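Asks: Next input, structure requested:
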Amino acid sequence: MNHQAKNMMRSADAANKSQHFQKANQLYKKALDLDSKDLDLRIKYALSFFALNAFQESVHEFHTLHVEFPEDVRILNGCAVSYIRLGRFELAIQFLKKLVSKDPQDYDSWVNLCYAAGSSALHSDTIFYALQALQLKPLEPRSHNNMGSALLMAGRVSDALVSFDTALSLDSNNYDAMSNIATSYSILGKPAKALEIFNQCLAFAKGNFDSEASLRYRMSFDLLRIGELKQGWAMYDQGFIPKDSRSRNPKRPFTVPLWDGRMLEEKTLLIWREQGLGDELMFLSTLHQAQQRCKKIIVECDARLIVPLQRSFPDITFREASFTSQTLHSTYADFDYHIPMGSLMGIFRSAFSDFEESKPFISPDPERASIFEQRLKDLPNRVKIGICWRSSVLNPERNSAYAPISEWESILRLPNVDFINLQYGESSDELRNVEEHFGVKIHQWPDLDLRNDLDGIFSLISCLDHVVTATTAISEMAPATGTPTCILFPHNSWVLFGTDQYLVHKDISTYVCPEGTGVAQLIPQVAEDLKNFYRL
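Replies: Numbering: from 1, shown residues only. Purely as a prediction, here's the structure:
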């Protein structure tokens, strides 16, 4: 390195040490202009973006270096950490695996692998990576906190609490372990205890913007669980700040203001999708109210919803979201304000009285509905009931919300009922077993794609007498058409807002598991209620 570049790098190092991060980044760049070949200088420049939270820039710099020096562990680690901070966990895992293959004693890389795998719902891998870290440093609090996180994501909450308590006994000020204990109590259905510990954590995190936002987002669900709607939705709005995949996604940046619910006269509002299909439909139940405050609305939604929503709201423009893969900036510039769909709830559902505004909002295709109505008439029995027993995505956290179809016997044996399959995803073996063991035919039609043809599913559901479903997308689709629906909820679901009713939709029969039981316990009562309602 030439003398002038070396002096510039020393000045950058001093600025970095003094936490003048922007100045350090600029000085490293000036040093590079003087000597663009020095590897240590190039790595320092790439790392300087970390302190600025400019991880897209750090990824670019580290990837450029990786092409030239594919085996350098500092560069591999820089790529991995940058991708973790961007929430691109699948890419981070690739770099971290290469690091531990080079050095199996690399404790930090095992810890980072555990985090990245857990954020990607790779539960078995997460526990394996946590074990590797624990074996390397069994007296390190972070090792036990790491193991607890892995167990928690695998649904082993009691075991996770033991690991978190161990971490806390090794370090009484371990903020991460404390916040994970709060999360564990939240999962166990003890929101008051969870909130008590979360508030202690906030005192530790004071001044750390990202940590405070992460805590408040996690607290939001417990606040909603006890019916604190206004505060709960306010904290929910901080869910785009945490980088993990369990927070609100995608984390899209905008150059136009975030809408706060004010009246918009000649301005255009963009409402954009987040989370999964079920959440999207729950949030869209507020769309009628949004129309009252803004006449020009564009909604970027799941592509499968465009046709039914456009029919239901002809004055709104519906389209698929379009943004650049790297920066997530919108490829459109035809709106003046924006709001993510979930944030509509804080504007339009911040008090229990607000739920009186709820009403069915999907208008089915009349032609397709007529076809399904005729098909249903051709079936032999009087009552037509659609059923959906699980999500197509199963993991330890979700599994407690579902019971296998084999445990629906008391419903399936109801007389004078034709059952219609609404279960999306592969279910042929389950349907065949039901027919063999119970002698019950669950009807479906090969020309209806139960995963992708949402317009057809809405049309079919609108013709049914009733729908019985676990908490899946069907539990939102059925009430959106106005079809009577029984929903089976796991214990302490946050969307019940501390009540025994699902207020998001009207005329819903809500069944909630008692603490310590599963949804299978609810099936006999649902069967009895349907029997009495239809006089079967």
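
Asks: And the helices in the stretch 201-350 of the chain?
Replies: Counting by DSSP state H, counting those that start in this stretch, the segments of the stretch 201-350 of the chain that form helices are 209-225, 229-236, 277-284, 287-293, 306-312, 344-348.

Asks: Looking at those helices, which is nearest to Ile411?
Replies: Taking CB to CB, helix 277-284 is the member of the helices of the stretch 201-350 of the chain nearest to Ile411, at 21.6 Å. Bear in mind the C-beta positions are built from the backbone N, C-alpha and C, glycine included.

Asks: Centre of the chain to that closest one, how far?
Replies: What separates the centre of helix 277-284 from the centre of its chain is 12 Å, taken as CA atoms, centre = their mean, to the nearest Å.

Asks: How about residues contacting it?
Replies: Under the criterion CB atoms under 8 Å, 6 or more residues apart in numbering, residues 273-274, 299, 301-302, 304-305, 309, 341-342, 344-345, 361, 471-473, 475-477, 480, 495, 504 lie in contact with helix 277-284.

Asks: just stretch 368-382 next, same as before
Replies: Taking CB under 8 Å, 6+ apart as the rule, stretch 368-382 contacts 384, 416-418, 420, 443, 445, 455-456, 459-460, 462-464, 534.

Asks: Now do the buried residues in that stretch.
Replies: Across stretch 368-382, burial judged by 16 or more other CB atoms under 10 Å covers Arg368, Ala369, Ile371, Phe372, Glu373, Arg375, Leu376.

Asks: domain parsing for the chain?
Replies: 1-50, 51-240, 264-357, 366-534 (automatic domain parsing).

Asks: Report the contact partners of Ile241.
Replies: Neighbour list for Ile241: Phe209, Asp210, Ala213, Ser214, Tyr217, Ser247 [criterion: CB under 8 Å, 6+ apart].

Asks: And the nearest residue to the second one once chain neighbours are set aside, how close does it get to Ala80?
Replies: I take that to be Asp210. Spatial nearest neighbour of Asp210, excluding adjacent residues (CB to CB, 6 or more residues apart in numbering): Ile241 at 6.1 Å. According to CB to CB, to the nearest Å, Ile241 and Ala80 sit 21 Å apart.

Asks: Kindly report the same for Met341.
Replies: Taken as CB to CB, the span from Met341 to Ala80 is 32 Å.

Asks: Repeat that for Tyr332.
Replies: 33 Å.

Asks: Point out the ones among the buried residues of stretch 368-382 that are inside helices.
Replies: Of these, the ones assigned to helices by DSSP state H are Arg368, Ala369, Ile371, Phe372, Glu373, Arg375, Leu376.

Asks: so Gln423 touches Gly386, yeah?
Replies: No: in this structure, Gln423 is not within contact of Gly386 by CB atoms under 8 Å, at 9.5 Å.

Asks: And the two? Which one has more around it.
Replies: Gly386 (27 against 24; other CB atoms under 10 Å).

Asks: Walking through this structure, point out its strands one by one.
Replies: 264-272, 294-301, 317-320, 337-340, 383-388, 417-421, 442-443, 466-470, 485-489, 508-512 (DSSP state E).

Asks: Pull the residues that contact stretch 318-333.
Replies: By CB under 8 Å, 6+ apart, stretch 318-333 touches 56, 250-255, 270, 272-273, 298-303, 305-306, 309-310.

Asks: List buried members of those by neighbour count.
Replies: For the contacts of stretch 318-333, buried by 16+ other CB under 10 Å: 251-252, 254, 270, 272-273, 298-302, 305-306, 309-310.

Asks: which intervals of the stretch 351-500 of the chain have sub-threshold pLDDT?
Replies: Along the stretch 351-500 of the chain, the parts satisfying pLDDT under 70 run over 392-400.

Asks: if we go to 90?
Replies: The stretch 351-500 of the chain contains residues with pLDDT under 90 at 391-402, 425-428, 490-492.

Asks: Helices along that one, start to end?
Replies: Using DSSP H, counting those that start in this stretch, the helices of the stretch 351-500 of the chain run over 366-377, 396-399, 409-412, 428-438, 454-462, 474-481.

Asks: Asp529: which of these is closest?
Replies: helix 409-412 (10.2 Å).

Asks: Which strands and helices lie in contact with that closest one?
Replies: Contact partners of helix 409-412 among helices and strands, from 3 or more CB pairs under 8 Å, 6 or more residues apart in numbering; DSSP states H and E: helix 428-438, helix 523-534.

Asks: any idea which of these is most buried?
Replies: helix 523-534 (a mean of 16; mean count of other CB atoms under 10 Å).

Asks: How far does stretch 461-468 sit from its chain's centre?
Replies: With CA atoms, centre = their mean, you get 28 Å for stretch 461-468.

Asks: Can I get it in CSV, CA atoms only?
Replies: What follows is stretch 461-468, C-alpha atoms only, in CSV (Å, rounded to 0.1, in the frame of the first residue of the first chain):
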residue,chain,number,x,y,z
ILE,A,461,-68.0,-22.0,-0.8
SER,A,462,-70.8,-19.6,-1.6
CYS,A,463,-73.0,-22.5,-2.5
LEU,A,464,-72.4,-24.6,0.6
ASP,A,465,-74.7,-24.7,3.7
HIS,A,466,-71.7,-24.6,6.1
VAL,A,467,-68.0,-24.8,6.3
VAL,A,468,-66.0,-26.4,9.2
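
Asks: Mind listing what's buried along that stretch?
Replies: Ile461, Ser462, Cys463, Leu464, Asp465, His466, Val467, Val468.

Asks: same thing with stretch 24-32?
Replies: Neighbour-count burial for stretch 24-32 [16+ other CB under 10 Å]: Ala24, Asn25, Leu27, Tyr28, Ala31, Leu32.

Asks: how far is stretch 261-279 from where the chain is centred?
Replies: 18 Å.

Asks: do stretch 55-70 as well
Replies: 29 Å.

Asks: Make 8 the starting number, not 1.
Replies: Will do, 8 is the new start, and the previous item becomes stretch 62-77.

Asks: State the mean pLDDT of it.
Replies: On average, the pLDDT along stretch 62-77 is 93.

Asks: and the gap between Arg397 and Ser482?
Replies: 12 Å.

Asks: more crowded one of these two?
Replies: Taking other CB under 10 Å, Arg397 and Ser482 do not tie; Ser482 has more neighbours (27 against 23).

Asks: Would you mind listing the buried residues in stretch 260-280?
Replies: So for stretch 260-280, counting by 16+ other CB under 10 Å, buried means Phe261, Trp266, Gly268, Leu271, Lys274, Thr275, Leu276, Leu277, Ile278, Trp279, Arg280.

Asks: and those as a markdown table, adding pLDDT and distance to His70?
Replies: Putting the buried residues of stretch 260-280 into a markdown table (pLDDT from 0 to 100; distance: CB to CB, whole Å) gives the following:
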| residue | pLDDT | distance to His70 |
| --- | --- | --- |
| Phe261 | 95 | 26 |
| Trp266 | 98 | 36 |
| Gly268 | 97 | 41 |
| Leu271 | 96 | 41 |
| Lys274 | 97 | 39 |
| Thr275 | 98 | 37 |
| Leu276 | 98 | 37 |
| Leu277 | 98 | 31 |
| Ile278 | 98 | 34 |
| Trp279 | 98 | 28 |
| Arg280 | 96 | 29 |
